[in-house]
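Undergrad: Give me coordinates for this.
(2 chains)
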Amino acid sequence: MTSPRKLKANRENARASTGPRTPAGRARSSRNACRHGLNISVLSDYALSAEVEASAHEIAGVGAIPEIHGLSRRIAEAQIDLNRVRRGRHDLLVRSLSDANYSPLEVSAYPKVFAQVVAALASQLAVIDRYERGALSRRKFAFRAFDAMRRQRAATEREKTH
Amino acid sequence: MSNIDPQPPVTSIARPERSGRLSCFGPPPFLLGDDPKAYDELHARISGDVKPTDTLEKIWVCEAADIVWEFLRLRRLKAGLMNGAAEDGMKDVLRKLLGEKIIDIRSVLGQTPATKLASKWAARGPRAVKKVDKLLAAAGLIMDAVMAKSTGRWIDEAERFDRMIMSAETRFGAQLREVDRRRATFGQRLRRTLQQVEDAEYHVIEGPKGETKRDQPAEVEG
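TA: Now for the predicted structure:
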């Protein structure tokens, strides 16, 4: 069991550890949770949320009911997220290939350079793959919900006409 | 992990609108050496064959084009890697056969007789190929010895390409299952078209005794 003396010392030390104090340190630690930005919802980004809205309209079609529009927004959100993840991977690869000082004239060396770049980025690419799988899964279920709703609507329409 | 650059990278070809491609998909994932025209043709061919009827099916067509594009690129890169590795392996074998020392500054610059001959052999120069065959035969070696050398050196990289190809294929398999759930005929047409696209990447080559093989990529591109 922890002695009262140790407990007191632990509490005092914990009170002293309140994170960075300088403006530079605070600024740096404020970005701790933002390593690649792939965890942030696309809706919190103004440009991406506008893209989601435009895509949702494209998917739902003209004159869609609010339920269908809501479900098409789910598809669009997953799709835009998927684009963002894939663009992240693509940019990472392109940047790393540029950093590898590869000359486009050495066409025969390109596969080796590419293999080395992919090997060096293996852990980062694995993280991106995980985000991609997540976005694909969200899109799959959004597709299913959208289809189910459309089928339900069609059945209702048929019943009305009979 | 580094932050995502909002600006399109210099070496990528990023055009927001391409024929038949949905705007919600963004630009195609081109890398150095990719041919945008070939991508457009692939997309148009898949789209023309499977005839998507709504936006969801158009999304699947875009997805199919992107994944097929990715694994065709990976296969080309793997073939390129193995071809390059064969040249390295041949250099090693020829150095031994021609009695060159391993540590020779000229070999780094590609100037020793062995490295020069290996480069010409890799470029399929008829005289070099004949000379290499003669040297290997005299030493009682066959091409397998060269391939063993080269495969050993680049085995990890080749395996990495294989894993990436497998991952793309798995992802695509999952997509096809979803397509089947929705419209089986669309899924069948998509499968058939992609099989044809894949087959077009391979060509028939003559084996040593006249038998035909179908296991070589058509060409190696960077």
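Undergrad: what ranges do the helices span in the chain?
TA: If you meant another chain, say so; for now it's chain A. A:4-16, A:23-29, A:46-60, A:66-99, A:110-120, A:122-161 (DSSP state H).
Undergrad: oops, chain B please
TA: Under DSSP H, chain B gives helices at B:36-50, B:55-97, B:105-108, B:113-122, B:126-138, B:143-182, B:184-200.
Undergrad: hang on, the earlier thing: can you list the helices of chain A in a markdown table and add distance to chain B, mean neighbour count and mean pLDDT?
TA: For the C-beta atoms, the positions are set from N, CA and C on the backbone; glycine is no exception. A markdown table is the format used below for these (distance: least, C-beta to the nearest C-beta, whole Å; neighbours: other C-beta atoms under 10 Å in any protein chain shown; pLDDT from 0 to 100):
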| stretch | distance to chain B | mean neighbour count | mean pLDDT |
| --- | --- | --- | --- |
| helix A:4-16 | 31 | 9 | 89 |
| helix A:23-29 | 14 | 10 | 83 |
| helix A:46-60 | 4 | 18 | 87 |
| helix A:66-99 | 4 | 20 | 90 |
| helix A:110-120 | 4 | 20 | 85 |
| helix A:122-161 | 5 | 14 | 90 |
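Undergrad: With distance to residue B:161 added, can I get those helices in TSV?
TA: Listed next are the helices of chain A as TSV, based on distance: least, C-beta to C-beta, whole Å:
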stretch	distance to residue B:161
helix A:4-16	50
helix A:23-29	38
helix A:46-60	32
helix A:66-99	14
helix A:110-120	7
helix A:122-161	12
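Undergrad: right, so of the ones you listed, which gets closest to residue B:168?
TA: For the helices of chain A, proximity to residue B:168 was assessed by C-beta to C-beta; helix A:122-161 is nearest, at 10.6 Å.
Undergrad: Tell me the pLDDT of residue B:197.
TA: pLDDT, residue B:197: 79.
Undergrad: Surely it touches residue B:44?
TA: No: contact criterion C-beta atoms under 8 Å: residue B:197 and residue B:44 do not qualify, at 11.7 Å.
Undergrad: Who has more neighbours out of the two?
TA: Legend: neighbour count by other C-beta atoms under 10 Å in any protein chain shown for residue B:197 and residue B:44, higher for residue B:197 (19 against 15).
Undergrad: Spit out the contact partners of that one.
TA: B:42, B:45-46, B:68, B:72 (C-beta atoms under 8 Å, 6 or more residues apart in numbering or on different chains).
Undergrad: Among those residues, show me the least confident.
TA: residue B:46 (84).
Undergrad: dump the residue contacts of it.
TA: Residue B:46 touches B:61, B:64-65, B:68, B:190, B:193-194, B:197, counting by C-beta under 8 Å, 6+ apart.
Undergrad: Now do the residue lying farthest from the centre of chain B against residue B:139, distance only.
TA: Relative to the centre of chain B, the most outlying C-alpha is that of residue B:99, 34.7 Å out, by C-alpha atoms, centre = their mean. For residue B:99, the distance to residue B:139 equals 11 Å [C-beta to C-beta, to the nearest Å].
Undergrad: Touching, residue A:29 and residue A:19? I think so.
TA: Yes: with contact defined as C-beta under 8 Å, residue A:29 reaches residue A:19; the gap is 6.1 Å.
Undergrad: hmm, back to that, can you say which of the helices of chain B is packed in most?
TA: helix B:55-97 (a mean of 21; mean count of other C-beta atoms under 10 Å in any protein chain shown).
Undergrad: Now do the phi/psi pair for the residue nearest the centre of chain A.
TA: Chain A has residue A:38 as the residue nearest its centroid, 3.4 Å off, counting by C-alpha atoms, centre = their mean. Taking degrees, to the nearest 10, you get phi -80, psi -10 for the backbone angles of residue A:38.
Undergrad: show me the contacts for it.
TA: A:84-85, A:88, A:128, A:131, B:4.
Undergrad: next one: residue A:75
TA: A:55-56, A:59, A:139, A:142-143, A:146, B:56, B:59 are the contacts of residue A:75 under C-beta under 8 Å, 6+ apart.
Undergrad: Mind doing that once more with 6 Å?
TA: Taking C-beta atoms under 6 Å, 6 or more residues apart in numbering or on different chains, we find residue A:75 in contact with A:59, A:142, A:146.
Undergrad: what does residue A:17 give?
TA: Contacts of residue A:17 by C-beta under 6 Å, 6+ apart: none found.
Undergrad: Local confidence estimate at residue 1?
TA: Using chain A here. pLDDT, residue A:1: 76.
Undergrad: please go with chain B instead
TA: Confidence score, pLDDT, at residue B:1: 42.
Undergrad: quick one: low-confidence parts of chain B?
TA: B:1-20, B:24, B:101-110, B:149, B:201-222 (pLDDT under 70).
Undergrad: The residue most central in space within it and chain A, how far apart?
TA: The structure's chain B has its C-alpha centroid closest to residue B:76; by C-alpha atoms, centre = their mean the separation is 1.1 Å. According to C-beta to the nearest C-beta, to the nearest Å, residue B:76 and chain A sit 8 Å apart.
Undergrad: what does residue B:124 give?
TA: 13 Å.
Undergrad: any idea how far that residue is from residue B:130?
TA: 11 Å.
Undergrad: Same check on residue B:81?
TA: On the measure of C-beta to C-beta, residue B:81 and residue B:130 end up 26 Å apart.
Undergrad: now swap in residue A:117 and tell me
TA: Distance from residue A:117 to residue B:130, by C-beta to C-beta: 37 Å.
Undergrad: repeat for residue B:93
TA: 16 Å.
Undergrad: same deal with residue A:7?
TA: 86 Å.
Undergrad: swap in residue B:41?
TA: 39 Å.
Undergrad: same check, this time on residue A:16
TA: Relative to residue B:130, and taking C-beta to C-beta, residue A:16 is found at 80 Å.
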